[in-house]
Structure formats: C-alpha cells, structure tokens
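> Okay, predicted coordinates and the sequence, questions at the end:
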Amino acid sequence: ILHADLDSFYASVEQRDDPRLRGRPVIVGGGGVVLAASYEAKAFGVATAMSGRGARALCPAAIVVPPRMHAYTRASRAVFAVFEQTTPLVEALSIDEAFLDVAGLWRIDGTPGDIAARLRRDVAEQVGLPITVGVARTKFLAKVASGVAKPDGLLVVPPDRELEFLRPLPVERLW
C-alpha cells in the first residue's frame, strides 16, 4: 500500500503558481486562521489552524495569501489523475492524500518502492508539486511512514522491519 500525501498542499500550490513565493515563508489564510503554511513558515513554528495573528507574530516575514479553492481543486484533480494512471485502486482520504493499492502490479511495474518513486516523479513533472509517499504492507503503516518521510520524501517499511520502524517513534506519530 502507498500513502501519498502532498506536502503543505495549499501553500505548495501558491508557491508553484507564483515563483516569487518559492523558498519564502507563505501562509494561506491568516486573516482569522491559518489554512496552510509552507515549510519555510513552519520552521518558525507556524502551524495549520493557529490564529493568523499568532502566525504573523512567529513569522513576521511571512507572505500571507488569500485561499484560492479553485486552484487547489484543479491541482487535486490533476494529482488524482496521476494516482489513477498508477493504479485503479485509489482511496481518497482528502483533497491532498490517498491510499494506492499496488500489490498486484509488481510483475508489470516493479516493486512498490519503484512504483512510489515513479509516482513522486510523475506528480512533480506533471503537476509541479512535492509529494511524500509511505510504502508498507498496511494502510496504517503506510500513513505513518509518509508522516516520518515528510517533507518531499519516500519511505519504504519492509514487512520484516515493521516493529523496528515503529518502536522508536513517539506515540504522536501514530495515526
């Protein structure tokens, strides 16, 4: 199972669409509540769902942009089209994440790790967004793996190393 999760989705779309925002701290929303923050803003402690005032206090250099739901919907549809090119077994969790069952593809497409690497490349090339993918035997482990691999990473949890992977993690990492 792959768990594919776009990184700081709304903020990444804004950075993709406006080159002046790339590499800079970006807050989407921020009037009342932060809807999303780029990794550059997160480095200052800005987090989703915090108050816009609190976020600006933590990161005064942040660029605050209004949400553009139509752009996020369009980007999501483009990413899900890539998911569906990868496997017909896609289970959406939200606008920016899904589980992909690739168990039956190893003979024609390679290992799940190979498929995940190709998926990351395809999303970057076709949609222009960073995505993190966790690969594991179960949905639970794949989701935890993608969280550990963020941002813009890939982590494969081999079946014989599942406990070794989980044991050192803080309980907050568990889904």
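Yes, it's here. Numbers count the residues shown, from 1 in each chain.

> helix/strand/coil for the residue of the chain positioned farthest from its centre?
With Cα atoms, centre = their mean as the measure, the chain has its most outlying C-alpha, relative to the mean C-alpha position, at R107: 27.4 Å. Reducing the assignment at R107 to three states with DSSP: H, G, I helix; E, B strand; the rest coil gives helix.

> from the middle of its chain, how far away would the worst-scoring helix or strand of the chain on mean pLDDT be?
Comparing every helix and strand of the chain by mean pLDDT, DSSP states H and E singles out helix 106-109 as the least confident one, with a mean of 79. The chain centre lies 25 Å from the centre of helix 106-109; the measure is Cα atoms, centre = their mean, to the nearest Å.

> From the contact counts, what lies against it?
Under the contact criterion of 3 or more Cβ pairs under 8 Å, 6 or more residues apart in numbering; DSSP states H and E, helix 106-109 touches helix 112-127. Backbone N, C-alpha and C define where each C-beta goes, glycine included.

> Show me what counts as buried in the helix it packs on.
Neighbour-count burial for helix 112-127, with 16 or more other Cβ atoms under 10 Å as criterion, is recorded at 112-113, 115-117, 119-120, 122-123, 127.

> next one: stretch 50-65
50, 52, 55-56, 58-59, 62-65.

> Just send the residues you listed back as a markdown table, with distance to L2 and pLDDT too.
Converted to a markdown table, these look like this (distance: Cβ to Cβ, whole Å; pLDDT from 0 to 100):
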| residue | distance to L2 | pLDDT |
| --- | --- | --- |
| M50 | 30 | 93 |
| G52 | 34 | 91 |
| A55 | 32 | 94 |
| R56 | 36 | 93 |
| L58 | 34 | 96 |
| C59 | 33 | 95 |
| A62 | 32 | 95 |
| I63 | 33 | 95 |
| V64 | 34 | 95 |
| V65 | 30 | 96 |
